[in-house]
Every structure is written in structure tokens, then in C-alpha cells.
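Engineer: fold the stuff below for me.
(chains A and B)
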Amino acid sequence: MRKSTEQNIIDGCKKQYAAAQKELVLKYSGLLMTVCKRYSRDAESAKDILQESLIKILKSIATYEERGSFEAWMKRITINTALKYFDRSSFKNEVFVLEDVNDKDVLPNVYSKLGAEELMDLIEKLPNGFREVFNLFAIEGYSHKEIGKMLGITESTSRSQLTRARKLLKKQLTIREKIRIRI
Amino acid sequence: MTFSKFEKYAAGKINNHASEVDTEGLWNDILPHVQKDDRNRKGLVWIFLIGLIASMAAIYAFLDKNSDPGNNYNTFSTANVIQNDEDLRISGLAEKESFPISEQKPATLEASNNQNIIAKSTQKNQFSKTKKEKYKASDGEILIAAKSSTNKYSPESKSNDAKVVVEKTENHEAIDFEENAVLKANILKNEEAIPTDAEHAKIEVDESNLPIAVESTENPEVKEEMNSNTDEENSEEDFRRNSNFKLKYGIGIFGGLSSSFASLKNNDELNVNYLQTRVMTEEQLETIQMGIDFMVKSEIGVYLRTGVQYSRIARKFSLNDAIETIDSIHGIQRIYINNNTNDTIYVYGPVPVTTTTFYNKTTYNYFHLMDIPVVLGYMYNHENWSFGAEAGALINISTKRKGDILDLNNEFYDLKDDQLKWYKDNIGVSFTASVTAAYHLNDNFQIYLAPTARLENVFSTDDNPVAQKHGSLGVNIGARYFIGY
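Structural biologist: Purely as a prediction, here's the structure:
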């Protein structure tokens, strides 16, 4: 049976073939850059994280046991690299005033026209700590217990940060909606 | 607050989105970091090349000496007889290189008046190639033929029953026994020959450490003398020869170098990052091993080997990092400028100063293992060489560690203290296999070269987020002394 392109790349990278390594970088760097952008506030740090993540992936690909999805494995490494990249102790000093936001769900027509880049812009504007928790919970699908372990925080802290992140996002979506209506 | 629809929408949109990246530039930045590191592989290749060359040389030497069975005939193309008052001397030029005596060119045979013939050769192990061979003389040739049925002078000699046979010679004066005479002798303890059906002459092949003597029945005095000295030894020898359980005991020392590898795997899927940290900060180095061993070997070549083996597995830990320290110093906190008077007022007080220190920490981590090998093997002997293969278990009796790694919080973790019990103090049973090429320096002593593979059991406990295993491929050299048979 002919191997898939992905399998060829994995096999080649495990043998440290430069061509396969380059192929991996070309094929997956866009996908992983999306992850990096979500966890960083600026393009420069996203680029640094992407480079560091790809080096880690290529150096440790021999440890990939090919049980789960290869993309998921690479994303996990990228996420961990991004989490490590920022000194989270500074996040504790972030102060945000959250005005009361109503508890109603945001209507689909508010966000249904938003593309990936616009959604990422919204998430990027979240404070660092909130952004991490929101990304891990809502986009990556980790549980609060797992997030707590990964970030070194308690489950309840994870929950409260997610709640705040949601409020901020809702506020921003509401503002966008108002601007859209006025226009 | 319900927000799930938005989150699902966002996750769907974002998860498969590929952002724009300058991939060529990115690859150029990455390339220097991921280029193949050949150091360990080169070490491995070198070790095996050396082992392979040595093994091939041994096999070539073995095959070369057995390529022409006719080589074992002892034929002298020229012969001179010199008779002195005391001795007859026969000297001949050997045609064939492979015959033990003929390896010393020219071989010299000396016969004394009392019917002793002494063949001298400075070549060591001169009868080692005479196993199961007979030699015949053509008319007009002088022949001294030797037959060693058990290759007495090689370390593999199973007993002292090497025989010397002289068949048919035309030179009666020189050797002083009848035409078509057959002499046979059993040799005991490397020192003397006990005749079984010696009929005519006594022959001594005398080398400084390898004498062989054959007694003639034509010299009754000599025969009686020798028989009286060796009756008791003969019966003991017969008993040993007839025994079915002939064993040889060996004691040896060995040492070697291996190119080793480490296998690090996640015990905890949530700590993928930690596995990456370990992989990035640690590097496998060489393994050295040494030990003493004891061997019990049967006559058919099967052996059991045990002993004590020490191994040291080396790893290198290196970390480039930065430490930020914030100190408080006395300095200017605020500056006020009076716009009316242009006066400047400095307010002094404690001012925070951040110092970033970059550092590189390198530690050589060592795993020290003490094992008891229990290995079963087979060795094929031929003349001065043995070739064999073995496989078995290494039963660990102690495992100690020294050095540093990073823990889950990126703090240094002392392997020796091992506070979280991440490593085993006894790794249990590992496996080993090797092939051996041995050269016999004499009956009892041999040196050997053994390319060896080894697969270690898991070093880490279940509490360790990363499961750690080791293996190695290398070469041992050793020496072994045998007694028995």
C-alpha cells in the first residue's frame, strides 16, 4: 500500500532527511503559525514561537509514536512552546476592569460573517492570561483540570479566567455589532 | 453565560486555518538547528568497523590455513644426513608451509645414537595444525610425520592423547627403525609421550616449551623406563579420556566501549512539553563496561558464563538559560522641575534594578550498573582460533546515578538524591548478545574480541513523567585463562 504524503514526511524526518524536514516546514508552518498567533500578542513573538516549535518537532519526531493525529501532536508541542515562551508571572499583575455584560448569548448574526483572521484578532486582544485559558478551553478543547496542570494554576482560576475572557469577547462582539448597525 | 455556539464557530474557523508564513525564510532559519548530528553514529560506525575488520581478519586467517588440505603433508624435498659420534642429524627443506615443522625453514631433525630422534623447531605450537592428519613419505624422501588427534598444543586440546606417527622411511640409518615402521605415542601433560604401540624408535620433538617424545620398542631399556614412570598417569589419563563429561573452566577479564542510545517516552500525555525539555537538554554519550567472568565449557563447545560486570552509561545535560533578579538600590525616584524658576528637585529612594544573567549549565550524568551476567554460548574451535556466539541475561544488582536533569517546573533535579523516586535502584533483568573471535596464545590462555549488543531494562519508575530506557552496541576485548580437560 502506498504511504500517504504525511507518512512519507514523518518517515523521512525520523531518518533526518533534510528534504523531508523542509517539506514538513512548508506544509505545516501555516497551520502552526495560526496556533502561535493565538497565544502571542505580536507577529514577532509568534514567529519566534513557530521557529522554536518546529525545531523541537524536528528534533523530537523520533518520539512520535504515530498513535494519534500528527497535526494534533505538532499543535501540542507548539502550544507548550508558546506557553513556555511567555513569563506567566507577569500575567498575574494584569488588571482589567470588566463592566457588567449581560448574560444573553451572542446572536449568530453578530459573528457569522467573521473570518478566521478576524476571530483571531478578537482573541489576540484578550489579556494574556485570559487568552491562554480561552484558547486552551474553547479552541483546543482541554478541560479545566488539564489547563490547570499545564499552566500551573488551579481549576477554579481557570474557570474564572475563562468567564472573564468570555465577557470581554462578548463586549467586543457587541461593540462590533453596534458599529456595524451604525454604518 | 452561554457562549458555546460562538466558541464552536470560532474553533471550527480557526483550527483549520493556515496563516501566511515566509516558509523559505523560516526553513533557512531552522536548517542550522536540525542538521544531522553524526557524532554518535560515527562513533558507532567506527566501533563496528574495527570489530568487523578484526573479525574478518580472524575468519580470513582461519580459512586461509584450511584452504588446502594437502598442505598438512610433511614432505622434505631435500634431506641431508649428518652423523656425528653422538648423534645422527637430518635436515630438510620443507615444501609446504602449513606443516608445523616445515614452518621453521629449514626444519632440523636430530637423532641420537641411542635411537632418540629430536626434531627442533622454534616455531610455537608446531603441532597445532596436525590434528587428524597422517603423513606419508615417498621413496627417497625423509619423512617425519606427526599426527595430533586432539590438537594437543592448542588451547582447545581436550586431552593429552596427541599422537606422533612415523610411517615408512627409506632412511633407516638416520632414523634407525625398520621400513614401514609405525610409531604412535600418547602424550601426557605436555611434557612426555607415553607409547601405545611404539615399536621401533623413540622420537622426541623438542621445543623449549613443547616437547613430544615417542619411544621405540627396539630400545627396551628406554621403553621400560618410560613405562615404569607413567603407568599410573596412563590409567588416570585413560579414565579422563573415557569420561563423558569433560569440562573446562575459564576465568577472564574484559572491558569495552559502546555507542549507546536512550529511549525517552512519555508516561504522561499531559506533559508533552516536559518530554521535549528532556530531549532538548540531554544527550546520550558513550557507555563503558568491564568485568571479570567465569566460564564452564563442555568438550562440545557449549558454555555457561557468569561473573560480575560494571557498566557506566554517560549522558550530557546542558541548559542555556537566563535568570532575572530584581534588586533595590538607592537612587533617583522622581524629578520635579519648577517651570517658573527652572529649579530641579530630585527625590531619592529605593529604585528597582533588574539584572539578567545568562548562563550555561553542563553536567555529565552517569548511570552506574553492577550486573551478574548469565550467558549461554557456543564456541567452535579450530587450531589457534575460536569463533562463537552467546546470548543471555544481565541480572542487575545495583543501579546508581549522579548528575542533573530538569524537573516539571524547569528546576534542577538531582539524580543522586532522586527525591521524587523517579529512578529505580535496581533495573532488574536486561539482555545481552555477542559474537566472539578468540585467539589462543597457548593451551590455556586466549585473548578475544567480542562485538556486543545490549538492551537495558527501564531505568525510570512509573512516577517519572518520562520513561527512560537504554541500549548499546559496542566491542569488548578480554583475556581468559582455562584449566581442565
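
Engineer: report how many residues lie close to the residue lying closest to B:Thr354 once chain neighbours are set aside.
Structural biologist: If the residues on either side of it in the chain are set aside, B:Thr354 comes closest to B:Ile326, at 5.1 Å by Cβ to Cβ, 6 or more residues apart in numbering or on different chains. (Glycine included, C-beta is placed from N, CA and C.) A total of 8 residues lie near B:Ile326 under the criterion other Cβ atoms under 10 Å in any protein chain shown.

Engineer: same check on B:Asn384?
Structural biologist: 23.

Engineer: from what I see, it and B:Tyr439 are in contact.
Structural biologist: Yes: the criterion here is Cβ atoms under 8 Å, and B:Asn384 meets it with B:Tyr439 at 6.1 Å.

Engineer: for B:Ile405, see how far away the residue nearest to B:Thr354 is.
Structural biologist: 28 Å (Cβ to Cβ, to the nearest Å).

Engineer: same deal with B:Thr363?
Structural biologist: Distance from B:Thr363 to B:Ile405, by Cβ to Cβ: 9 Å.

Engineer: do the same with A:Thr34
Structural biologist: Applying Cβ to Cβ to A:Thr34 and B:Ile405 gives a distance of 33 Å.

Engineer: for B:Pro451, same thing?
Structural biologist: The value you get for B:Pro451 to B:Ile405, if Cβ to Cβ is used, is 31 Å.

Engineer: and what of B:Leu441?
Structural biologist: Distance from B:Leu441 to B:Ile405, by Cβ to Cβ: 46 Å.

Engineer: for A:Tyr39, give me its contacts.
Structural biologist: A:Ala46, A:Ile49, A:Ile79, A:Ala82, A:Leu83, A:Tyr85, A:Phe86, A:Arg131, A:Glu132, A:Asn135 (Cβ atoms under 8 Å, 6 or more residues apart in numbering or on different chains).

Engineer: burial count for the first one?
Structural biologist: Translated: A:Ala46. Neighbours of A:Ala46 (other Cβ under 10 Å): 24.

Engineer: who does the helix or strand hosting it touch, helix- and strand-wise?
Structural biologist: Here A:Ala46 sits within helix A:43-59, counting by DSSP states H and E. In terms of contacts (3 or more Cβ pairs under 8 Å, 6 or more residues apart in numbering or on different chains; DSSP states H and E), helix A:43-59 is packed against helix A:18-39, helix A:70-85, helix B:23-34, helix B:272-281.

Engineer: mind running it again at 10 Å?
Structural biologist: Judged by 3 or more Cβ pairs under 10 Å, 6 or more residues apart in numbering or on different chains; DSSP states H and E, helix A:43-59 is in contact with helix A:5-14, helix A:18-39, helix A:70-85, helix B:23-34, helix B:272-281.

Engineer: relative to B:Met379, which of those is closest?
Structural biologist: helix A:5-14 (38.6 Å; Cβ to Cβ).

Engineer: can you name every helix or strand that that closest one contacts?
Structural biologist: helix A:18-39, helix A:43-59, helix A:70-85.

Engineer: list the buried residues of it.
Structural biologist: Across helix A:5-14, burial judged by 16 or more other Cβ atoms under 10 Å in any protein chain shown covers A:Ile9, A:Ile10, A:Gly12, A:Cys13.

Engineer: likewise stretch B:383-396?
Structural biologist: B:Glu383, B:Asn384, B:Trp385, B:Ser386, B:Phe387, B:Gly388, B:Glu390, B:Gly392, B:Ala393, B:Leu394, B:Ile395, B:Asn396.

Engineer: now that stretch: average pLDDT?
Structural biologist: For stretch B:383-396, mean pLDDT is 90.

Engineer: likewise for stretch B:318-325?
Structural biologist: 72.

Engineer: what about the closest residue to chain A within the stretch 1-150 of chain B, which SS state?
Structural biologist: Across the stretch 1-150 of chain B, the shortest distance to chain A (Cβ to the nearest Cβ) belongs to B:Ala18, at 3.1 Å. Classification of B:Ala18 by DSSP: H, G, I helix; E, B strand; the rest coil places it in coil.

Engineer: pretty sure it sits against A:Gly30.
Structural biologist: Yes: counting by Cβ atoms under 10 Å, B:Ala18 touches A:Gly30, with 3.1 Å between them.

Engineer: give me the domain ranges for chain A.
Structural biologist: A:5-85, A:89-182 (automatic domain parsing).

Engineer: single out the most deeply packed of the ones you listed.
Structural biologist: domain A:5-85 (a mean of 19; mean count of other Cβ atoms under 10 Å in any protein chain shown).

Engineer: any idea of the mean pLDDT for it?
Structural biologist: 87.

Engineer: now swap in stretch B:275-287 and tell me
Structural biologist: Stretch B:275-287 comes out at a mean pLDDT of 86.

Engineer: buried ones in that stretch?
Structural biologist: Buried, per 16+ other Cβ under 10 Å, within stretch B:275-287: B:275-287.

Engineer: cool, and stretch B:252-269?
Structural biologist: B:252, B:254, B:256-260, B:262-264, B:266-268.

Engineer: next: stretch B:410-424.
Structural biologist: B:Tyr413, B:Leu415, B:Trp422, B:Tyr423, B:Lys424.

Engineer: between those residues, which is nearest chain A?
Structural biologist: B:Tyr413 (16.8 Å).

Engineer: hmm, that closest one is touching B:Leu406, no?
Structural biologist: Yes: here B:Tyr413 reaches B:Leu406: they are 6.5 Å apart, a contact under Cβ under 10 Å.

Engineer: quick one: common contacting residues for the two?
Structural biologist: B:Phe317 (Cβ atoms under 10 Å, 6 or more residues apart in numbering or on different chains).

Engineer: quick one: B:Gln289 from B:Lys8, how far?
Structural biologist: 58 Å.

Engineer: compare those two and say which is more crowded by neighbours.
Structural biologist: Taking neighbours as other Cβ under 10 Å, B:Gln289 and B:Lys8 compare with B:Gln289 leading, 23 against 11.
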